[in-house]
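*Asks:* Quick check, what structure comes out for this input:
(one chain, ligands or ions: 1)
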Amino acid sequence: MAALTEDRKKMLTPTIRLMVRLVLKRKLQNEKAIPSSNIDNYYLVEALESHISKVDENQLVLYAQMANLVSLILPSLELDLKEIAHTFSKFACNAHTICDPELRPLGTGLYPVISIINHSCVPNAVLIFDGRTAYVRALQPIGKDEEVSISYIETAAVTKKRQNDLKQYFFTCTCPRCLKDSEEDAVLESYRCKNQACDGFLLPESGGRSYTCQKCSISRDEEEIKKMTREILLLSDKASSFVSLGNTTEAGSIYEKIEQLEQNLYHAFSITLLHTRETLLKVHMELQNWQTALTYCRLTIPVYERVYPPSHPMIGLQFYTCGKLEWLLECTEDALKSLTRAADILGITHGTKSQFMKELFGKLEEARAEVSFKLSSSRGHDEQFS
Ligand SMILES: C[S@@+](CC[C@H](N)C(=O)[O-])C[C@H]1O[C@@H](n2cnc3c(N)ncnc32)[C@H](O)[C@@H]1O
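*Replies:* Model (predicted):
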């Protein structure tokens, strides 16, 4: 690595590091310096799908450059650059993002046995890591002949976006959600009805100039929508520049304005509004504004429950955040409810033995004890005065 120029060092992406580890592992396994097994050997990598014939020329050039860099990092090995480039193409449709228990990305890994699992936007299983060990856990009972599926992408998105994110895998998803989701997509991305009491979504009128609610037929003027969209765009640019300056307080107050505008513009289940609220949750956590953070956390949950399958870890994690905030704010009974929901879901997706889960169970026990203590002391108080 020391022999690399600064420019080349910048190219040491997680994918390059993964390739270097893979090449070294193959060498060591061939020399029997480290053990190989049925689920851990290079033959499994050879069998992976690469879609190399469909990869475009620019991407092929990039793979060739990356292969070259690997050979510079490992000068003592005689490498077949074409084979390395081909393996990079396998990474694109088979590698997995290793995440921490809170689903924050940590790096990239290749798990050839897990790579046999196909994608669905309504998956019946989920891939969870404990350190570098990968676990596939069922989100629901899976029948004997039923196919196990996981999601390769973020499923909190409309069909067009999901299909676009799946392009690197060279297939068109035909899961039930992709086949029938036009109305659901409209809810997730359309404008809301002008009537605040109506939960309908708008579609453009054939002649343009206005949008009409599909539930109550009230129209919204196109100009008004364009004006609000422009205002949101301007504010978003401003908020991003405050974020890059590290001014979280200013960024937060601009995101609040964006959220207000988006509430009036988009449907309550809008993905755009969801992302703004996720940002506001992060901002207020950073600023230790626990009550406001809790408000935004609670607002995200109904949308999560709509866009993720039941028992999805994202829902469990959001209940966990809610529970921790409620505990901090001494809303003990709410905390108990949220932590119970979190434990019910994350117990399925994360198992019960990891340190992360032990901490959650510890917090749940504490909340349970506190609630029963409060209950018994209020009963004692009532008895004293009866
Ligand atoms: C990680 S591999 C999954 C295993 C692969 N089906 C196999 O037999 O080796 C990813 C590739 O599988 C195919 N694939 C995955 N999910 C699919 C789906 N829902 N429909 C069609 N093809 C899919 C695509 O070719 C994709 O690039």
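*Asks:* in the stretch 1-150 of the chain, what spans have low per-residue confidence?
*Replies:* 1-11 (pLDDT under 70).
*Asks:* now residue 102: how far from residue 157?
*Replies:* Relative to residue 157, residue 102 is positioned 20 Å away (criterion: Cβ to Cβ, to the nearest Å). Yep, even glycine has a C-beta here, placed from its N, CA and C like the rest.
*Asks:* Just the CA coordinates for the host helix or strand of residue 228, please, in CSV.
*Replies:* Here residue 228, judged by DSSP states H and E, is contained in helix 222-244. Coordinates of each C-alpha in helix 222-244 appear next as CSV, following Å, rounded to 0.1, in the frame of the first residue of the first chain:
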residue,chain,number,x,y,z
GLU,A,222,-50.4,24.0,-11.1
GLU,A,223,-48.8,27.5,-10.5
GLU,A,224,-49.4,27.2,-6.7
ILE,A,225,-47.7,23.8,-6.7
LYS,A,226,-44.8,25.0,-8.8
LYS,A,227,-44.3,28.0,-6.5
MET,A,228,-44.1,25.8,-3.4
THR,A,229,-41.8,23.3,-5.1
ARG,A,230,-39.4,26.1,-6.1
GLU,A,231,-39.5,27.4,-2.5
ILE,A,232,-38.6,24.0,-1.1
LEU,A,233,-35.8,23.6,-3.6
LEU,A,234,-34.3,27.0,-2.6
LEU,A,235,-34.6,26.1,1.1
SER,A,236,-33.0,22.7,0.5
ASP,A,237,-30.0,24.2,-1.1
LYS,A,238,-29.7,26.7,1.9
ALA,A,239,-30.1,23.8,4.4
SER,A,240,-27.4,21.8,2.7
SER,A,241,-24.9,24.6,2.7
PHE,A,242,-25.5,25.1,6.5
VAL,A,243,-25.0,21.3,6.9
SER,A,244,-21.7,21.5,5.1
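*Asks:* Can you mark which positions in it are buried?
*Replies:* With burial defined by 16 or more other Cβ atoms under 10 Å, the residues of helix 222-244 counted as buried are 225, 228, 232, 235, 238-239, 242-243.
*Asks:* now these as JSON lines including pLDDT?
*Replies:* Putting the buried residues of helix 222-244 into JSON lines (pLDDT from 0 to 100) gives the following:
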{"residue": "225", "pLDDT": "95"}
{"residue": "228", "pLDDT": "97"}
{"residue": "232", "pLDDT": "98"}
{"residue": "235", "pLDDT": "98"}
{"residue": "238", "pLDDT": "98"}
{"residue": "239", "pLDDT": "97"}
{"residue": "242", "pLDDT": "97"}
{"residue": "243", "pLDDT": "95"}
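*Asks:* now the residues you listed as JSON lines including distance to residue 284?
*Replies:* JSON lines is the format used below for the buried residues of helix 222-244 (distance: Cβ to Cβ, whole Å):
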{"residue": "225", "distance to residue 284": "29"}
{"residue": "228", "distance to residue 284": "24"}
{"residue": "232", "distance to residue 284": "20"}
{"residue": "235", "distance to residue 284": "18"}
{"residue": "238", "distance to residue 284": "18"}
{"residue": "239", "distance to residue 284": "14"}
{"residue": "242", "distance to residue 284": "15"}
{"residue": "243", "distance to residue 284": "14"}
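*Asks:* So for residue 102 and residue 157, which sits in the more crowded spot?
*Replies:* Neighbour count, other Cβ atoms under 10 Å: between residue 102 and residue 157, residue 157 has more, with 18 against 11.
*Asks:* right, and the helix or strand after the helix holding residue 228?
*Replies:* Once the chain leaves helix 222-244, the next helix or strand it forms, by DSSP H and E, is helix 248-265.
*Asks:* Roughly how far does residue 219 sit from the ligand?
*Replies:* Between residue 219 and the ligand the computed distance is 39 Å (Cβ to the nearest ligand atom, to the nearest Å).
*Asks:* May I have the beta-bridge partners of that residue?
*Replies:* Using DSSP bridges, the beta-bridge partners of residue 219 come out as residue 212.
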